[in-house]
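> Curious how this folds, go ahead:
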Amino acid sequence: MSKRISEQYFDAVGELAGGDGRFYRITDEGESPLVAVVAYDDVPEDGHTTAFSFGLSSAVHPEWVHSRPELLISVKSKDPAWGLCMGEIVRNYRQESLFSYGTILHFRQRVAEESPMTSFLIFASTLLDPEDNQLSLSDRKIVLSQMYPIHEDEAQVVREVGVEKFFWKMDIDFYDVQRPSVRRG
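Down below sits the predicted model:
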């Protein structure tokens, strides 16, 4: 008997992360489809936490023809709140958002005490090599996008300068959840 889709997925991201992670169920027991997060300490380096969502790819959007997204977040923090927040965002917005590159999602409250950040930018993964961003499961192809914490006021900067310039040209350390807000200058 073949493994369930969630098991196939968690095995694949475990290989990418290099070990076993902590599993967090986001949806209530019996609630379907499953939304969960698996988090890895000290990945990609000491002091970082990296987490992967599961459940976004179970949503149905006609636009998702060739592949379906899942998310990852990687931050210089040991606080599991970052991964859990990603899971809650997937749970609450998977039916209404496509989670495409350039999407900005506002959580509207601090994710963790250590940071004033309340929003996220969805964009290409800088953590994984391009060939590792695609996972083939028995019933779907998944493309991993990265969710980057940003300050709420940075959404305006993204609109003004464009997502490409904001992401690649403004010298922002997107892993640093304690960085100051970037202003257009």
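> what's residue 73 sitting at in phi/psi?
As for residue 73, its main-chain torsions (degrees, to the nearest 10) stand at phi -130, psi 140.
> can you give me the helices in this structure?
Ranges of helices in the chain, per DSSP state H, are 5-17, 81-93, 154-161, 163-168.
> which of these sits most buried?
helix 81-93 (a mean of 22; mean count of other Cβ atoms under 10 Å). (C-beta placed from N, C-alpha, C; glycine too.)
> ok so, going back, possible to save the helices of the chain as JSON lines with mean pLDDT and distance to residue 145?
Converted to JSON lines, the helices of the chain look like this (pLDDT from 0 to 100; distance: least, Cβ to Cβ, whole Å):
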{"stretch": "helix 5-17", "mean pLDDT": "93", "distance to residue 145": "13"}
{"stretch": "helix 81-93", "mean pLDDT": "96", "distance to residue 145": "11"}
{"stretch": "helix 154-161", "mean pLDDT": "95", "distance to residue 145": "16"}
{"stretch": "helix 163-168", "mean pLDDT": "94", "distance to residue 145": "12"}
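> Mind naming the longest strand for this protein?
Across the chain, the longest stretch assigned as strand under DSSP state E is strand 141-150.
> so what secondary structure elements neighbour that strand?
strand 68-75, helix 81-93, strand 119-123, strand 134-136 (3 or more Cβ pairs under 8 Å, 6 or more residues apart in numbering; DSSP states H and E).
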